[in-house]
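**Q** predicted structure and sequence below. I'll ask about it afterward.
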Amino acid sequence: MKLTKQEQKEINDFMRDHVDQYRRKRMNVINLGGEGPEHARIKTLKCLELFTAGIPYYTEVVFNLGGRCDILVPLKRYAIEVVVTEKEKSITRKRESYPCDIIILSGGHNPQTHDDAGIMDNDKGQ
């Protein structure tokens with residue numbers, strides 16, 4: 001995936017400002033965090049969809065202010081959380097601590113469609 005200098009700078013700035021530097025992850029690599037099979041399936045399909053659309057992502061990112069997101073899309077400034085068994089209280093905590101918006105994908109969701117995960121047509125290929 002080829003990024004412009006400006007896109008790479010935006011990613012670097014966001015990661016430097018908001019992500020635990022000692023737990024940095026590689027871009028466009030799927031890291032599974034010990035979740036159940038349905039959670040892992042949904043997360044993997046969403047990552048594949050982002051990759052195919054040319055949208056850079058990180059997985060299992062730990063933020064400076066706390067919390068670990070399933071998928072981070074730093075250019076768009078949002079995290080994607082896959083919710084299969086998670087309680088509302090956990091999601092509320094994440095909304096309060098994450099440095100970006102959160103999009104929820106719930107179990108039983110069909111992660112094949114861009115609009116369901118907040119990826120609009122104009123995001124593709126950027």
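**A** Ah, there it is.
**Q** ok, now which ones touch Gly67?
**A** By C-beta atoms under 8 Å, 6 or more residues apart in numbering, the contact set of Gly67 is Arg93, Lys94, Ser97, Tyr98. Quick note: C-beta positions are derived from backbone N, CA and C, even for glycine.
**Q** next SSE downstream of the lengthiest helix in the chain?
**A** As assigned by DSSP state H, the longest helix anywhere in the chain is helix 37-52. Toward the C-terminal end, the helix or strand that comes next after helix 37-52 (DSSP states H and E) is strand 58-62.
**Q** please report the distance of Thr44 from Ser97.
**A** Thr44 sits 25 Å away from Ser97, taking C-beta to C-beta, to the nearest Å as the criterion.
**Q** tell me which of those two has more neighbours.
**A** The residue with more neighbours, out of Thr44 and Ser97, is Thr44; 15 against 12, by other C-beta atoms under 10 Å.
**Q** isn't that one right next to Asn31, touching?
**A** No. Judged on C-beta atoms under 8 Å, Thr44 makes no contact with Asn31 at a distance of 10.6 Å.
**Q** nearest to Phe51, of the contacts of Gly67?
**A** Tyr98 (22.1 Å; C-beta to C-beta).
**Q** what residues are bridge-paired with Cys69?
**A** Val61 (DSSP bridges).
**Q** that'll do, ta.
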